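turn this into a structure:
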Amino acid sequence: MNPSMAKPNWILSLLILCCFIFPSVLFATIEEESQKEEFNEELLLKPLPDRKVLAHFHFDSKANFFSYNGGFHLHLFPKAIYQLVHKFHVKEMELSFTQGRWNYERWGGFDPISSSNAKPPGVELWAVFDAPPSQVDALWKNLTHTLSGLFCSSINFLESSTTYSAPDWGFRAYSGSLRYGTLPREAVCTENLTPWLKLLPCRDKAGLAELMDRPSIYRGFYHSQRLHLVSSGFGSNSVDSEIELEQTLTVVLQPSTQRWATSYSTGSAMQPSWSLRTIFGREINKKCILAKSSNVYLQLDRGLVSEMKKKGFRPDFATSDISITNPAFELSPSPEKMIREVDNLNDVESSILYVFVIEKYVDAKPFDLVLTWKLPVAWSCSQAPLLANRFLMGSGNERGAIVISLKSINHHQSLVGTGAYGEKCNLHINVFQVVPWYVKVYYHTLRIYINGQVQPAANVTRKMRVSPSEDKVSPGALELALAFPCSMKSAELSLDFDKGFLHIDEYPPDANQGFDIPSALISFPDFHSSISFAEDSSLSPILSRLKKRSPALAYTEVLLVPLTTPDFSMPYNVITITCTVFALYFGSLLNVLRRRVDEEERRLEERAKRKSGKLRQQLQKLFARVRGRPLEQHPNPSAPSSSKTNSKLIMKVGLMVLIAVVWQYYLR
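This is a model prediction of the structure:
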């Protein structure tokens with residue numbers, strides 16, 4: 001090879017290589033600048049007064065698109081959610097799978113966790129669409145089918161117009177573009193949790209999701225997995241698009257006290273000591289490398305801190321390198337920092353938050369948070385102004401009544417009065433209730449009782465919107481805004497209804513169990529639950545969520561209404577008898593049609609000839625015996641009489657002849 005030709009070939013190869021590498025690097029740089037994704041994971045642990053532990057997992061994913069063209073490659077944000085938002089023009093959506101009911105009296109009803117993550121049993125789905133009102137119903141139906149396949153559940157049952165409603169102001173302030181539906185009887189299991197975990201970048205292989213042991217989670221007293229997303233810039237000409245996905249899992253667990261049986265004396269007020277391993281059965285082995293932040297928080301709420309201060313325990317706890325000690329409890333390992341609540345306007349002690357940065361622990365050994373109690377402490381959680389319950393009245397399968405009971409919390413009177421207007425103090429309450437079409441509610445029968453006395457509805461009702469149900473088309477909805485006096489101790493709302501009749505095809509497989517009326521939503525617009533800590537909330541999604549002001553909410557119980565149920569065994573009996581009659585009739589008819597008459601007659605004649613021939617042979621043998629035996633001349637006294645013998649033979653011959661005649665008669 002000529003050495004003079006080697007240098008130009010080398011230069012040409014370098015130019016070709018640069019032509020392929022530089023555009024790829026430039027494209028990757030442009031895409032990185034035009035698309036920003038972020039993922040954070042956090043866990044909030046909180047002791048509860050009834051010897052249980054609240055575990056609140058919070059996963060936050062964000063994606064910003066500055067030059068939307070529909071062709072982005074997603075690195076962290078789940079592609080399924082991106083396609084769902086883009087295709088169905090979802091502006092805001094929330095989906096929850098809940099097992100059990102939140103105990104507002106023991107676990108609190110006036111804090112951000114209970115207001116945002118206390119959901120009704122079963123499935124709850126609501127969505128706001130960025131589309132014209134004429135297209136909202138079609139988008140809702142397609143969305144339910146997509147979510148049903150994505151989360152392996154029966155959400156597609158919400159496509160029917162009899163299962164969802166369009167609230168105006170009682171649920172959310174999105175008039176016309178909001179759809180709301182619930183499935184109270186939907187069972188929640190690990191088949192719903194697994195697709196939910198697949199939306200996380202590290203799934204349950206690393207990070208805080210490692211703690212999600214299925215048996216530990218599903219044997220809890222309360223379990224609610226929630227998915228909430230907010231999007232902006234989609235469905236418009238805006239070049240700046242953003243999606244924020246918030247995934248939360250709220251679990252109330254009972255710590256296993258076998259390991260800690262010797263660590264404290266038994267007592268009704270003693271809190272059980274626990275660790276991550278005792279409540280979840282696992283530890284955190286490694287951090288999710290795709291997460292921007294991975295933190296664990298331990299919260300001591302206001303009531304617990306106030307009770308500890310009454311007992312003389314100083315709030316500034318002693319801290320060492322491996323643990324934090326206090327006369328009431330011991331915490332190991334030592335937290336990274338301790339932050340206090342600020343801007344607390346109530347006359348109660350501020351709550352405390354301990355922060356653990358997972359990245360600093362998992363490098364050396366697995367992270368396991370241990371809380372050991374030394375002294376008994378009893379306290380109560382913050383309560384909403386009123387405790388809401390709901391029950392049924394009446395008997396029989398014809399009529400009944402729905403009653404919503406509201407009781408004042410005596411130790412929470414400091415909150416009452418914040419909704420005062422002028423000289424008159426009023427407590428404002430909003431009620432949102434959806435009733436299936438087969439429960440025919442008479443809304444004009446609304447009766448309101450205050451402290452046991454009937455009050456005119458016009459004096460208490462500020463605003464009211466009724467959407468009457470239509471048979472087999474749409475459910476009924478009630479949106480009610482009430483103003484009660486601050487001195488009220490109890491109130492009841494009563495509505496009469498008639499029970500409808502369903503077609504046999506409309507009954508579920510377990511119709512004798514009864515039919516469910518979804519939970520009613522009680523909201524307090526004048527009471528906003530929020531907790532602000534002395535920390536930059538923008539650095540932590542869960543702190544920013546706790547700081548967000550949201551009205552106090554409470555869901556009532558799911559009602560079980562027995563309806564008139566037909567005898568499902570009667571159609572079975574009728575079908576069985578009818579099929580039997582048809583089988584006998586058509587079987588006999590086919591047998592007659594397929595039988596050959598000549599062949600049957602020939603077979604009968606041959607059978608008769610064979611039988612008559614055998615009978616003739618027997619008769620001939622008998623007559624031959626009679627003719628061939630001579631009569632004795634001199635009877636022997638010791639021998640039997642010949643006359644008797646001859647008479648027996650004659651009787652036998654006559655009997656055989658009679659049998660032959662009868663046989664021939666029947667053969668004919």
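
hey, let's count contacts and neighbours off CA atoms from now on
Noted.

so what's the residue count around the nearest residue to Asn512 once chain neighbours are set aside?
Distance criterion C-alpha to C-alpha, 6 or more residues apart in numbering; nearest residue to Asn512, sequence neighbours excluded, is Thr565 at 6.8 Å. The local packing of Thr565 (other C-alpha atoms under 10 Å) involves 16 other residues.

note down every partner strand of the strand or helix carrying Ala63 and its orientation.
Assessed by DSSP states H and E, Ala63 sits inside strand 53-65. Partners of strand 53-65 in the sheet, by DSSP bridges, are strand 35-47 (antiparallel), strand 241-253 (antiparallel).

worst mean pLDDT among those?
Lowest mean pLDDT of those: strand 35-47, a mean of 91.

so for Asn117, which of the strands paired with strand 53-65 sits nearest?
With C-alpha to C-alpha, the closest approach to Asn117 among the strands paired with strand 53-65 belongs to strand 241-253: 6.9 Å.

next SSE after the closest one?
strand 274-275.

what packs against that following strand?
The contact analysis (3 or more C-alpha pairs under 8 Å, 6 or more residues apart in numbering; DSSP states H and E) places strand 274-275 against strand 370-373.

list the helices and strands the strand it packs on packs on?
On a contact count with 3+ C-alpha pairs under 8 Å, 6+ apart, strand 370-373 meets strand 274-275, strand 329-332.

pLDDT on the shortest one, on average?
Okay, so that is strand 274-275. 94.

starting at the chain centroid, how far to the following helix or strand past that strand?
Moving toward the C-terminus from strand 274-275, the next helix or strand (DSSP H and E) is helix 276-280. Distance of helix 276-280 from the chain centroid (C-alpha atoms, centre = their mean, to the nearest Å) equals 24 Å.

over to stretch 443-461?
35 Å.

who's in contact with that stretch?
466, 480-484, 488-496 (C-alpha atoms under 8 Å, 6 or more residues apart in numbering).

about what we covered before: which of the helices and strands packed on strand 370-373 sits most buried?
strand 274-275 (a mean of 20; mean count of other C-alpha atoms under 10 Å).

ok so, going back, assumed the residue nearest to Asn512 was part of a strand.
No: read with DSSP: H, G, I helix; E, B strand; the rest coil, Thr565 is coil and lies in no strand.

now, which of the contacts of stretch 443-461 sits nearest Thr146?
Using C-alpha to C-alpha, Val466 comes nearest to Thr146 of the contacts of stretch 443-461, at 30.7 Å.

pretty sure the closest one contacts Leu478?
Yes: Val466 is within contact range of Leu478, at 4.9 Å (criterion: C-alpha atoms under 8 Å).

and those two? which has more neighbours close in?
Ranked by neighbour count (other C-alpha under 10 Å), Val466 and Leu478 place Leu478 first, with 18 against 13.

just checking: what are the partner strands of the helix or strand hosting that one?
Leu478 belongs to strand 476-485 when elements are defined using DSSP H and E. Strand pairing for strand 476-485, determined by DSSP bridges: strand 426-435 (antiparallel), strand 461-467 (antiparallel).

which stretch among the ones you listed comes nearest Leu593?
Closest approach to Leu593 among the strands paired with strand 476-485 (C-alpha to C-alpha): strand 426-435, 60.3 Å.

just the CA trace of that closest one, in CSV.
Listed in CSV are the C-alpha atoms of strand 426-435, where the atom choice follows Å, rounded to 0.1, in the frame of the first residue of the first chain:
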residue,chain,number,x,y,z
ASN,A,426,-72.1,30.0,61.9
LEU,A,427,-70.4,26.7,61.2
HIS,A,428,-70.5,26.0,57.4
ILE,A,429,-70.8,22.5,56.2
ASN,A,430,-71.0,21.1,52.6
VAL,A,431,-72.6,17.7,51.9
PHE,A,432,-72.2,15.7,48.7
GLN,A,433,-74.2,12.5,48.3
VAL,A,434,-74.6,10.2,45.3
VAL,A,435,-77.5,7.7,45.4
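
tell me the first helix or strand C-terminal of that strand.
Strand 426-435 is succeeded, C-terminally, by strand 439-450 (DSSP H and E).

ok, back up a step: close enough to count as contact, the residue nearest to Asn512 and Ala511?
Yes: contact criterion C-alpha under 8 Å: Thr565 and Ala511 qualify, at 7.0 Å.

tell me the SS of Gly587?
With three-state DSSP as the basis, Gly587 sits in helix.

tell me the predicted confidence for it.
pLDDT, Gly587: 83.

what's the neighbour count on it?
Neighbour count for Gly587, taken as other C-alpha under 10 Å: 12.

if I look at it, how far off is Val581?
As for Gly587, its distance to Val581 is 10 Å (criterion: C-alpha to C-alpha, to the nearest Å).

spatially nearest residue to Phe280 (excluding sequence neighbours)?
Distances taken as C-alpha to C-alpha, 6+ apart put Ser216 closest to Phe280, at 5.5 Å, once the chain neighbours are dropped.

which stretches of the stretch 201-350 of the chain aren't confidently modelled?
For the stretch 201-350 of the chain, the stretches with pLDDT under 70 are 234-239, 257-269, 314-323, 343-348.
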